[in-house]
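A.B. asks: based on what follows, work out the 3D shape:
(one chain, ligands or ions: 1)
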Amino acid sequence: MTLIKPQAGVGPNSRLVYFASASWRRLFLAAVFILWTSLAGAGVAAATVPIGVFAWQGERAAETDWSPVLDYLNAALPQHSFRLDHYDAEGLRRAIAEHRVGLVITNPGYYVTMEAEFGLSRIATLASAGVSSPARAIGSVVFTRADRSEPAELRALRGKTVAAVAPDAFGGYLIAALELKHQGLDTGSDLAAVRFVGLPMTRVVDAVRRGDVDAGIVRTCLLEQLVERGALRSEDYRVLSPRQEPGLACATSTPLYPDWPIAVTRQTDPALAKAVVRALLEMPEGEGRLSWTVPADYRPVHDVYQELRVGPYAGLDAVTPEALVRRFWPWLLGVFALLAAWVIHTVRVEYQVHRRTRELREALQARKEAETRVRQNQEQMDHLSRLSVLGELSGNLAHEINQPLTSMGTYARSLLRRQSRGTLTAEALTEACTEIANESERAGGIVQRIRHFARKRPAVREPSDVVAIAAEARRLLLGMLAHAPEITIEDRSRGRCRVLADGQQIQQVLLNLVKNAIDASRALPPERQDVRIVIEPADTRMLVHVIDRGAGLEEAQRARLFEPFFTTKPDGLGLGLPICKTIVEAHGGRLWAGPNADGPGMRFSFSLPCHASSA
Ligand code: ADP
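C.D. replies: Prediction:
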């Protein structure tokens, strides 16, 4: 402590006060130090270490069993105050979960369960007296009353009632359950019932003794301990399928598993754990006949749980729909939502496809009907148009037919005259009859053609020769017109292609065009009234030109040529050219008109596509 110098001008009284106050301060600090150390000492003494113990035989037995360990630890580690807290299985689990214990002593079964759940860590394994190896210390004993002949062995437990402590008791149930499983018996389905009577385990012995059950399951050495305490007589019970396990003084019905461990929790101070381990390993085997050794391998205990699918391994087989739903519900919800969206989408698309298909079908049907109507109208129109052409030509028809009839009459009368005169020779008869036959054929041919042309029939499309069609049209015209001008056909096609056409309709087009050409040439002297039909190929088409040397047309008139009802004739209808245009275009061709390039007159041309197979 720094001494504070008395200041100048300060009197003796002041100095006295100063020293007095310094002594008091020292006294006060000393008192604080003593109080602090005593409180700290009290704190050390109060640092209790609770040891959680699984009291499988009840609290009193646990107290008796473990007090030697408690006393030893308290003596060996005086800086700690160890305390025993007894629990049943669930109580111990809760105490560990709530960090109320620093050390845990429990059976191997609960140890592995809580190792998995809370990270419990074994630091030593019990080395019980009378057990040669701590790794092989605990098993199950299945026993019955000695006065019963049945069941004789483990296998004979089928259909019998068995008592045990609890479904999760290790030595008191699970080891035996696994052994029964190895023997082909499922405790759930092959036994009549398993009655779980709860702790302490002596209740199982009581149930067997009373005859409530056919057999009981307890952990090894319990029966021997009861006999030793005088609570049971060895001649009163019989162990089923007893096996001799080396190093174990007690009877067992099953293989053996590691002894009880002492374990620390995740919260236990490592220094304390180390001190406890060191002390326990040095613990002499005294009156309590307990000592501790290095931690055993508890893998076999895990195997029991794993094979029985209980404890930490309970979930392995429990793939129930409920468990799956609980675990994966967000995913399932997502999948369900996707599925629902997909279903809605599919139904919507299906509906739309259905609706559109129906609309399309209806539209197609309507179009088909419209096409049928158009075709029928077209056919009607064609027919009327043909009749109209015939009508226009028929003025001369009587004259044309009359000619052969007159000839025939003349020849017939001449024959009669000669016969009456007696000058009829065989040659004259032959000549006259031949002429009559020719004239008759000529008249018949004209009528035949007119009838063929005028008949009503559906349109057809077939590969046709345009030159032949033109020749037929020419014949028809010449047969019907009294003073027909020269009609020539110039075939420049060299048989290049046939067209896919309705021959009669194309003939109708030609008749119209040629008749218009003849009409336009009427004012000319007879020697200039020639009409030419020129047929020539052009790429994949055939061109047909109808050329006259007539009056021709002004450009303004030419522009209106194909308008319906355009006519310059007093008796004309103005429908011939529009119908021709419709027919040609229906064949995939084109109809146009222009002045004759070689002089006066007009040239009407139309094209028709070649038939694919003959192009
Ligand atoms: P219509 O013969 O009943 O008049 P078209 O449609 O066949 O009906 O002809 C329409 C008009 O086109 C005719 O009135 C005529 O004036 C004109 N025309 C047609 N072909 C020729 C032609 N080769 N030369 C001059 N004019 C023509």
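A.B. asks: contact residues of this protein facing the ligand?
C.D. replies: 512, 516-517, 520, 548, 550-553, 561, 566-569, 572-577, 602 (C-beta under 6 Å from any ligand atom). The C-beta positions use only the backbone N, C-alpha and C, and glycine is treated the same way.
A.B. asks: now, of those, which are buried?
C.D. replies: The neighbour-count criterion (16 or more other C-beta atoms under 10 Å) marks 512, 516-517, 520, 548, 550, 552-553, 561, 566, 574-577, 602 among the residues of the chain next to the ligand as buried.
A.B. asks: look at Thr144 and give its secondary structure.
C.D. replies: For Thr144, the secondary structure call by DSSP: H, G, I helix; E, B strand; the rest coil comes out as strand.
A.B. asks: pick out the most distant pair among the buried ones among the residues of the chain next to the ligand.
C.D. replies: Gly552 and Leu575 (21.4 Å; C-beta to C-beta).
A.B. asks: give the contact list for Lys181.
C.D. replies: 187, 307-308 (C-beta atoms under 8 Å, 6 or more residues apart in numbering).
A.B. asks: with Phe196 instead?
C.D. replies: Residues in contact with Phe196, defined by C-beta under 8 Å, 6+ apart, are 163-167, 173.
A.B. asks: now the residue lying farthest from the centre of the chain: phi and psi?
C.D. replies: Computed with C-alpha atoms, centre = their mean, the residue of the chain farthest from its C-alpha average is Arg421, at 110.4 Å. As for Arg421, its main-chain torsions (degrees, to the nearest 10) stand at phi -80, psi -10.
A.B. asks: same check, this time on Lys160
C.D. replies: phi -100, psi 160.
A.B. asks: how about Ala215?
C.D. replies: In terms of degrees, to the nearest 10, the main-chain angles of Ala215 are phi -150, psi 170.
A.B. asks: how much space between the nearest residue to it once chain neighbours are set aside and Val194?
C.D. replies: Nearest residue to Ala215 in three dimensions, chain neighbours excluded: Thr144, at 4.5 Å (C-beta to C-beta, 6 or more residues apart in numbering). Counting by C-beta to C-beta, to the nearest Å, the gap from Thr144 to Val194 is 15 Å.
A.B. asks: so which of the two has more stuff around it?
C.D. replies: The residue with more neighbours, out of Thr144 and Val194, is Thr144; 24 against 19, by other C-beta atoms under 10 Å.
A.B. asks: partners of that one in the sheet?
C.D. replies: Arg238 (DSSP bridges).
A.B. asks: quick check, it in contact with Leu240.
C.D. replies: Yes. Contact between Thr144 and Leu240 holds when scored by C-beta atoms under 8 Å: they sit 6.4 Å apart.
A.B. asks: which neighbours do the two have in common?
C.D. replies: With C-beta under 8 Å, 6+ apart as the test, Thr144 and Leu240 both reach 151, 215.
A.B. asks: list phi and psi for Leu70.
C.D. replies: For Leu70, the backbone dihedrals are phi -60, psi -50 (criterion: degrees, to the nearest 10).
A.B. asks: kindly report the same for Leu77.
C.D. replies: The phi/psi pair for Leu77 (degrees, to the nearest 10) is phi -120, psi 70.
A.B. asks: now, which of the contacts of Phe196 sits nearest the ligand?
C.D. replies: Closest approach between these and the ligand, by C-beta to the nearest ligand atom: Pro167, at 109.4 Å.
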